[in-house]
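**Student:** starting from these lines, generate the structure:
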Amino acid sequence: MASKFTELAIDCADPVGLARFWCAVLGYEVQDEEHGLVTIGSPEVPEGRNRPGPVPPTLTFARVPEGKTVKNRLHIDVNPTDRDRDEEVRRLLDLGARHADVGQTGEESWVTLADPEGNEFCVLGTRCP
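**Tutor:** The predicted model follows:
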């Protein structure tokens with residue numbers, strides 16, 4: 001038996017605001033909110049933890065007092081589903097993302113952005129409908 005990836009925990013200053021941003025990015029919805037924690041997940045898999053096989057992971061945003069100070073050691077990659085990469089980048093920038101410089105050369109097939117709290121993530125060049 002192996003483990004199943006079900007949740008990614010993200011420390012932040014504004015769990016509600018960051019959850020709202022990532023809901024818009026991923027098409028997720030808020031599943032739980034209490035005491036400085038907000039959990040979001042796919043509306044299509046509400047009971048994914050209880051079924052065998054892979055499921056879209058939930059994201060849990062937890063309020064912490066310290067701020068982000070260095071480059072992430074772990075980040076999220078997203079694939080556009082209904083538009084090309086550059087159109088998706090424009091949409092995400094309109095939602096509050098910003099370009100992030102983590103040492104790219106300009107030859108990459110992905111674009112590195114940061115969410116409203118500075119957490120880096122990549123928009124990949126391939127579309128996954």
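
**Student:** count the neighbours of the closest residue to residue 42 other than its chain neighbours for me.
**Tutor:** Ranked by Cβ to Cβ, 6 or more residues apart in numbering and with sequence neighbours excluded, the top spatial neighbour of residue 42 is residue 56, at 4.2 Å. From N, CA and C alone the C-beta is placed, and that goes for glycine too. For residue 56, the count of nearby residues is 16 (other Cβ atoms under 10 Å).

**Student:** where do the strands of the chain begin and end?
**Tutor:** Taking DSSP state E, the strands of the chain run over residues 7-12, 29-34, 37-41, 58-63, 76-78, 98-99, 111-114, 120-123.

**Student:** reformat those as TSV; add distance to residue 19 and mean pLDDT.
**Tutor:** Output for these, formatted as TSV (distance: least, Cβ to Cβ, whole Å; pLDDT from 0 to 100):
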stretch	distance to residue 19	mean pLDDT
strand 7-12	9	93
strand 29-34	6	95
strand 37-41	4	96
strand 58-63	5	95
strand 76-78	14	93
strand 98-99	18	97
strand 111-114	16	96
strand 120-123	15	94
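
**Student:** right, so of those, which gets closest to residue 85?
**Tutor:** Nearest of the strands of the chain to residue 85, taken as Cβ to Cβ: strand 120-123 at 5.7 Å.

**Student:** dump the strands of the chain into TSV; add distance to residue 129 and mean neighbour count as well.
**Tutor:** Output for these, formatted as TSV (distance: least, Cβ to Cβ, whole Å; neighbours: other Cβ atoms under 10 Å):
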stretch	distance to residue 129	mean neighbour count
strand 7-12	23	16
strand 29-34	21	12
strand 37-41	20	21
strand 58-63	22	20
strand 76-78	14	15
strand 98-99	26	11
strand 111-114	19	20
strand 120-123	16	19
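
**Student:** dump these to JSON lines, plus distance to residue 21.
**Tutor:** Shown next, in JSON lines, are the strands of the chain (distance: least, Cβ to Cβ, whole Å):
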{"stretch": "strand 7-12", "distance to residue 21": "10"}
{"stretch": "strand 29-34", "distance to residue 21": "12"}
{"stretch": "strand 37-41", "distance to residue 21": "10"}
{"stretch": "strand 58-63", "distance to residue 21": "10"}
{"stretch": "strand 76-78", "distance to residue 21": "12"}
{"stretch": "strand 98-99", "distance to residue 21": "12"}
{"stretch": "strand 111-114", "distance to residue 21": "11"}
{"stretch": "strand 120-123", "distance to residue 21": "11"}
